[in-house]
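Trainee: prediction below, plus the sequence it came from.
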Amino acid sequence: MTTAAVELDPREPELIETGGSHRARHVAVLVGVPVIAVVGALAIGAVLIAQEGENPFAVYADVFRGVFTENRGLRNTATSATPLLLMGLGLAIAYRARLFTIGAEGQYVLGAVMATAFATAHGVRDLPGVVLIPSCIVIAGLTGMVWSGISAELSNRFNTSVVISSLLLTYIATAVMQWLIRVGIKDPDGFVPQSRVIGNAGLPTVPLLNTHLGFVIAVALVPIAAVMMSRTRFGYRVDVIGHNPIALRANEVATGKMLFAVLGIVGFLSGLAGYIQVAGVTTRINAQFSLGYGFTAIIVALLGRLHPVGVLVAALGISGLNIGFDAAERSHDVPSSLVAVVQALLIIFVVIGDAVANRFLRDDD
């Protein structure tokens, strides 16, 4: 007995377009929710700044100047946005498939560790950059892919929650990194736990942009991801598995393989982000290498509305906030944790905004 194939429609019932005005309302929600979230988060941030006895307008003006007028402000913003953009792209694809992984940080860490281990190994570290850089990209990406694939295998075989398994794997990855910088890849000439300098595997600076090559790679992946998600069968299936996996199985598409593919993309991009961070910014791995970029990338993916272009804008915006608040702290008495509060408020407002908007659209239908 065979199962009749059904039409694959990745859209939820409340999101099916019925006319021009309906489409316009959806576009308004798509753009309006993150805009309102940003305004709301900054407004509450202004109240908290005022509670510290500072002028919110003066603080926000210094945040703006710290990004756009201070020396190296734009460069630092682009550099800081690079790992967020790469991981945000992967997470956006996963979340569109309703695969809520939060393990990007672990994949980021292990990708950086394995690439550094290769690039600093005896007999390898003297190779030219034209050989080391592509090799490290592949090694870091595959490492992240394998680590993410563990969550996929656990989910397929034992129906384990991807959220829980990916989070636990992140803690394991961080512990592995902390051990390796003390034993496996430790710089023998140093006293503190850290790796050797990555040397010839370091990324060159792009002259016109005054930032490292990794930023260019990350931005170049944005249109590729956009085309993949909107113009290919894979992107169509990602949307379907998120909204109607039964229809996917009825059309004889293996959901288990899709799970591996989606989480594999997350892992590859996260591992790549780890290598780019060490090769373009830190030059080596130490105990402070894991700064929570993988968790911040969740904010980027949600704020970017799970769209590659939106993720790019969100990554630059979040990075700009970090760089700008760092500059504002030098001239104002504001707590360093304020930017984390603003980022948390962004998530809260986006989630609430989505819930209200979906309720409105459902009632409107």
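Mentor: Great, that's in hand.

Trainee: that's a strand at Asp126, yeah?
Mentor: No - if the criterion is DSSP: H, G, I helix; E, B strand; the rest coil, then Asp126 is coil and not within a strand.

Trainee: might one say that it is in contact with Thr120?
Mentor: No - contact criterion Cβ atoms under 8 Å: Asp126 and Thr120 do not qualify, at 10.6 Å. C-beta: built from backbone N, CA, C; applies to glycine.

Trainee: neighbour count: these two, which is higher?
Mentor: Thr120 (20 against 9; other Cβ atoms under 10 Å).

Trainee: ok, that one to Lys186 distance?
Mentor: The gap separating Thr120 from Lys186 is 10 Å, by Cβ to Cβ, to the nearest Å.

Trainee: same question, Ile348
Mentor: Taken as Cβ to Cβ, the span from Ile348 to Lys186 is 41 Å.

Trainee: who's more crowded, the two?
Mentor: Ranked by neighbour count (other Cβ under 10 Å), Ile348 and Lys186 place Lys186 first, with 17 against 13.

Trainee: ignoring the adjacent residues along the chain, who's closest to the more buried one?
Mentor: Distances taken as Cβ to Cβ, 6 or more residues apart in numbering put Pro193 closest to Lys186, at 6.2 Å, once the chain neighbours are dropped.

Trainee: show me what contacts that neighbour?
Mentor: Gln178, Ile181, Arg182, Lys186, Asn286, Ala287 (Cβ atoms under 8 Å, 6 or more residues apart in numbering).

Trainee: who does the helix or strand that contains Val351 touch, helix- and strand-wise?
Mentor: Assessed by DSSP states H and E, Val351 sits inside helix 338-364. Contacts defined by 3 or more Cβ pairs under 8 Å, 6 or more residues apart in numbering; DSSP states H and E place helix 338-364 against helix 20-51, helix 293-303, helix 308-329.

Trainee: alpha carbons only: can I get stretch 48-61 in PDB?
Mentor: In PDB, the C-alpha atoms belonging to stretch 48-61 read as follows (Å, rounded to 0.1, in the frame of the first residue of the first chain):
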ATOM      1  CA  LEU A  48      18.000  52.400  32.700                       C
ATOM      2  CA  ILE A  49      20.700  54.900  31.700                       C
ATOM      3  CA  ALA A  50      18.700  57.700  33.300                       C
ATOM      4  CA  GLN A  51      18.500  55.700  36.500                       C
ATOM      5  CA  GLU A  52      22.300  55.800  36.500                       C
ATOM      6  CA  GLY A  53      22.200  59.600  36.400                       C
ATOM      7  CA  GLU A  54      23.400  59.900  32.800                       C
ATOM      8  CA  ASN A  55      21.700  61.600  29.900                       C
ATOM      9  CA  PRO A  56      20.400  58.900  27.600                       C
ATOM     10  CA  PHE A  57      20.600  61.100  24.500                       C
ATOM     11  CA  ALA A  58      24.300  61.900  25.200                       C
ATOM     12  CA  VAL A  59      25.000  58.200  25.800                       C
ATOM     13  CA  TYR A  60      23.300  57.100  22.600                       C
ATOM     14  CA  ALA A  61      25.100  59.900  20.700                       C
END
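
Trainee: mean confidence for that stretch?
Mentor: Stretch 48-61 carries an average pLDDT of 93.

Trainee: show me what counts as buried in stretch 36-46.
Mentor: Going by neighbour count (16 or more other Cβ atoms under 10 Å), the buried part of stretch 36-46 is Ile36, Ala37, Val38, Gly40, Ala41, Leu42, Gly45, Ala46.

Trainee: who's in contact with stretch 68-79?
Mentor: 65-67, 209-212, 215, 280-281, 316, 319-320, 323-324, 327.

Trainee: 7 Å instead?
Mentor: With contact meaning Cβ atoms under 7 Å, 6 or more residues apart in numbering, stretch 68-79 is reached by Gly66, Val67, Asn210, Thr211, His212, Phe215, Val281, Leu316, Ser319, Gly320, Ile323, Ala327.

Trainee: circling back: pLDDT (mean, whole number) over the helix holding Val351?
Mentor: Mean predicted confidence for helix 338-364 is 82.

Trainee: re earlier: in ChimeraX, how would I select just the buried ones from the contacts of stretch 68-79?
Mentor: In ChimeraX, this line selects whichever of the contacts of stretch 68-79 come out buried by 16+ other Cβ under 10 Å:
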select :66,67,211,212,215,281,316,319,320,323,327
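
Trainee: got a list of what the closest residue to Thr170 other than its chain neighbours touches?
Mentor: Leaving aside its chain neighbours, Thr170 sits nearest to Gly106 (3.5 Å; criterion: Cβ to Cβ, 6+ apart). By Cβ under 7 Å, 6+ apart, the contact list for Gly106 reads Trp147, Leu169, Thr170, Ile172, Ala173, Thr174.

Trainee: repeat that for Val350.
Mentor: Neighbours of Val350 in contact, by Cβ under 7 Å, 6+ apart: Val33, Pro34, Ala37, Leu302, Leu303.

Trainee: helices of the chain, residue ranges please.
Mentor: Under the criterion DSSP state H, the chain contains helices at 20-51, 56-68, 73-96, 104-119, 129-158, 162-180, 213-231, 233-243, 245-250, 255-277, 293-303, 308-329, 338-364.
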